[in-house]
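please find the sequence and the predicted model below.
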Amino acid sequence: MRRFLIGLAGGAVLGYTCIRTHEALAERREPATPLGPDPKGYGALRRKLMLGSMARSLATLYFAAYELGPLIEAREGTPESRGRRVSFLIAAFLGSALIDLPIDYVEGFALERRYGLSKQTEAGWLADYAKSTAIATAISVPLVELLAFAIARLPRTWPLVATAGAFPLLVLANVVAPMYIAPLFNTFTPIEDPFAGDIRELAGRYGAGDATLLRVDMSKQTEKANAYVTGLFGSKRIVIGDTLLDHFEPRETLFVVAHELGHYVYGDVWRGVALATAAAAAIFYGSREIAERPGAALGTTAGLARLFFAMSMLGTLAGPMLSAFSRARERAADRFAVEATHDGSAGAAAFTRLRERNHAEDEQPKWMELLFASHPSLRSRIERLETARP
């Protein structure tokens, strides 16, 4: 049965990759005809691609865990060297990125361009892809090696050590990513027009008046609009996309900023870190039980492959819980924005404009919202805002 599943997984991954490679080459030769706004069609296609991506990812990891892993396992009685394992890890990350390139090209770049949601050039997209791959490899390989070291030294209690290490890493990511990684992909410039005063007045009422106000050139990658607020350890930043500043009314933009400020005031980053750490603990302990095999160490290349497959599978199962938490916090941030601006109609107008600009559906299928959606449906949010009282 296992041999059948391994063959099925390998065949599915190979077939999917070949199909997308063919489509990518065809798209490069002759780009597909642009489509007009079609929220339902775009949403349905994105759901299919999301489910396909999840299945492909699990199939890839399953094949790596139970076919490729044993092929590269160190010979019995010969300890696997760290250098050999690191070489395999680097090769795995870079090889995965190479295999994913035509898939991401079709499902990310070409799709967004066809629906008019991106004007990014192919060269710009490829440069971002290369940078993302390099950053992911540079960060992931040392972390995996640390995990292998912990497994080798503490074969029974390593999940506790990994969980203890997850918390500071998640906190650090929330500081490093916006300040040092995001600028590698976009240009951030201070907001100095009169509107900055309105933002500072709003933020000042909630202890963030000294935040750095920045405009980011989101239009470099997408026509979609967004903003965010970060604020761990004195790194307060209010970042607004140029697509939001240039295409929304000031009161609509202010409401969106107030919503993001709500996440900061309510400490949603800390809540998210705490929940993610708890989820990580469950995943680490559960994956150890799934991936352990008699006489086979988890800290080897093959053992890590089994472990990552189990972690991915458990992470997928934890997704609905994390999504439910996110939806609850989005509703709370909406309520905060109404109280902060006393202008629920501006919020309704902003979300209506976001719906049109992002080609978003009013409502996704219920199963999608319950299992995967990080935000409540736009229809429910707009209806609440239209009748909201501060």
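That came in fine, so what should we check first?

and the next helix or strand past the helix or strand of the chain with the lowest mean pLDDT?
Least confident helix or strand of the chain, by mean pLDDT, DSSP states H and E, is helix 69-72 with a mean of 72. Per DSSP states H and E, helix 69-72 leads on to helix 82-104 as the next helix or strand towards the C-terminus.

against which helices or strands is that following helix packed?
Under the contact criterion of 3 or more C-beta pairs under 8 Å, 6 or more residues apart in numbering; DSSP states H and E, helix 82-104 touches helix 2-29, helix 122-153, helix 301-341. Backbone N, C-alpha and C define where each C-beta goes, glycine included.

which parts of stretch 358-378 are buried?
Within stretch 358-378, the residues that count as buried by 16 or more other C-beta atoms under 10 Å are 358-362, 364, 368-369, 372-373, 375-378.

which residue ranges form the strands in the stretch 151-300 of the chain?
For the stretch 151-300 of the chain, the strands defined by DSSP state E, counting those that start in this stretch occupy 188-190, 212-216, 227-230, 237-241.

what lies in contact with the shortest one?
Meaning strand 188-190. 182, 212-216, 239 (C-beta atoms under 8 Å, 6 or more residues apart in numbering).

kindly recompute the last result at 10 Å.
178-179, 182, 196, 212-217, 237, 239, 242 (C-beta atoms under 10 Å, 6 or more residues apart in numbering).

quick check, nearest of these to Leu354?
Asp242 (14.9 Å; C-beta to C-beta).

how much space separates that closest one from Ala225?
Using C-beta to C-beta, to the nearest Å, we find Asp242 at a distance of 9 Å from Ala225.

for Tyr264, same thing?
19 Å.

likewise for Val338?
Distance from Val338 to Ala225, by C-beta to C-beta: 20 Å.

now swap in Arg205 and tell me
To Ala225, Arg205 is 24 Å away according to C-beta to C-beta.

what about the stretch 51-200 of the chain, any weak spots by pLDDT?
72-81 (pLDDT under 70).

ok, now with 80
68-85 (pLDDT under 80).

neighbours of Pro168, just the number please.
11 (other C-beta atoms under 10 Å).

OK, contacts around it?
Residues in contact with Pro168 (C-beta under 10 Å, 6+ apart) are 273, 277.

nearest residue to Thr212 other than its sequence neighbours?
Arg237 (4.9 Å; C-beta to C-beta, 6 or more residues apart in numbering).

re the thing from before, between Arg205 and Ala225, who's got more neighbours?
More crowded of Arg205 and Ala225, by other C-beta under 10 Å: Ala225, with 24 against 12.

measure the more buried one to Arg353 for me?
8 Å.

residues shared between the contacts of these two?
Contact criterion C-beta under 10 Å, 6+ apart; residues shared by Ala225 and Arg353: 244, 247-248, 252-253, 256.

tally of neighbours for Gly36?
8.

how about Leu68?
There are 18 residues near Leu68, going by other C-beta under 10 Å.

Asp104: what's it in contact with?
20, 24, 53, 97, 110, 125, 129, 132.

any idea how far it is from Ala130?
12 Å.

that older thread, overlap in contacts, Asp242 and Ala225.
218-219.

picking up where we left off before, so the residue nearest to Thr212 makes contact with Ile199?
No - contact criterion C-beta atoms under 10 Å: Arg237 and Ile199 do not qualify, at 11.8 Å.

pull the CA atoms of stretch 117-137 into PDB?
Output in PDB follows, covering the C-alpha atoms of stretch 117-137 (Å, rounded to 0.1, in the frame of the first residue of the first chain):
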ATOM      1  CA  LEU A 117      -4.500  42.800 -10.600                       C
ATOM      2  CA  SER A 118      -0.800  43.300 -11.400                       C
ATOM      3  CA  LYS A 119       1.300  45.300 -13.800                       C
ATOM      4  CA  GLN A 120       4.600  43.900 -12.500                       C
ATOM      5  CA  THR A 121       7.100  43.000 -15.200                       C
ATOM      6  CA  GLU A 122       8.300  39.500 -15.700                       C
ATOM      7  CA  ALA A 123      11.900  40.600 -14.800                       C
ATOM      8  CA  GLY A 124      10.600  42.200 -11.600                       C
ATOM      9  CA  TRP A 125       8.700  39.100 -10.600                       C
ATOM     10  CA  LEU A 126      11.700  36.900 -11.300                       C
ATOM     11  CA  ALA A 127      13.900  39.200  -9.200                       C
ATOM     12  CA  ASP A 128      11.500  39.000  -6.300                       C
ATOM     13  CA  TYR A 129      11.300  35.200  -6.600                       C
ATOM     14  CA  ALA A 130      15.100  34.900  -6.500                       C
ATOM     15  CA  LYS A 131      15.300  37.200  -3.500                       C
ATOM     16  CA  SER A 132      12.600  35.200  -1.700                       C
ATOM     17  CA  THR A 133      14.300  31.900  -2.400                       C
ATOM     18  CA  ALA A 134      17.700  33.200  -1.200                       C
ATOM     19  CA  ILE A 135      16.200  34.700   2.000                       C
ATOM     20  CA  ALA A 136      14.100  31.500   2.800                       C
ATOM     21  CA  THR A 137      17.100  29.300   2.200                       C
END
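
buried ones in that stretch?
117-118, 120, 125, 128-129, 133, 137.

closest to Leu49 among those residues?
Leu117 (14.0 Å).

dump the residue contacts of the closest one.
Leu117 neighbours (C-beta under 10 Å, 6+ apart): 37, 42, 111, 221-224, 357-359.
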